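Enquirer: need a structure here:
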Amino acid sequence: MSFIKISLIFLVAATAFSCSDKQESSSNNVDTKAIEKIQTFYTNYIFGDEFANDSVIAKYCTKNLAQELSKAYDNEFSDGGGYAVWKFRSDAQDGEDIREIEKIEPLGDGKYLVHYNDMGNKGSHTITIVQQSGEIFFDKID
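Expert: Numbering: from 1, shown residues only. The predicted model follows:
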């Protein structure tokens, strides 16, 4: 085999591996950002004392999820004007003074399984994220 053919084969192989590495790196970067965003949301607004107002929901949720959370809140309370952020946690009313994320697992296809301990009641939810204009938003919660 000539030197040129060997060089060409090496160049094609190196390019293929390089593109694969970039995709994997990009995917890992999205996972890291999504996990950080989920962690921050839970720490501050689900298990923390901060109120999830309109600007918070707009920062974290797509318009569709925001409408779903607003409708669920309105169905529960007649005063309106809030969001059913309790959908991100268990139905715990009493228990231990533990409220924390235990683990967040990337499942692929923009889905993340959130394991938490909510007042001693362990639970999990799957959050589906989407990217819009380079930003990550929660789009669905199961």
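Enquirer: can you give me the helices for this protein?
Expert: Per DSSP state H, the chain carries helices over the ranges 3-41, 54-60, 63-76.
Enquirer: hey, least reliable of these by pLDDT?
Expert: Of all the helices of the chain, the segment with the smallest mean pLDDT is helix 3-41, scoring a mean of 65.
Enquirer: residue 131 bridge partners, please.
Expert: Per DSSP bridges, the residues bridged to residue 131 are residue 136.
Enquirer: let's see the distance spanning stretch 129-142 from one end to the other.
Expert: 12 Å (C-alpha to C-alpha, to the nearest Å).
Enquirer: same question for stretch 107-122.
Expert: 19 Å.
Enquirer: contacting residues around that stretch?
Expert: Contact with stretch 107-122 is made by 31, 34-35, 38, 42, 47, 88-106, 123-130, 139, as judged by C-beta atoms under 8 Å, 6 or more residues apart in numbering. Placement of C-beta: from N, CA and C, glycine included.
Enquirer: one more: stretch 65-74?
Expert: So stretch 65-74 is contacted by 57-58, 61, 80-85, 87, 137-141 (C-beta under 8 Å, 6+ apart).
Enquirer: next up, the contacts around residue 97.
Expert: residue 119.
Enquirer: switch the cut-off to 10 Å
Expert: 119-120 (C-beta atoms under 10 Å, 6 or more residues apart in numbering).
Enquirer: please apply the same query to residue 54.
Expert: Counted by C-beta under 10 Å, 6+ apart, residue 54 has contacts 66, 70, 81-83.
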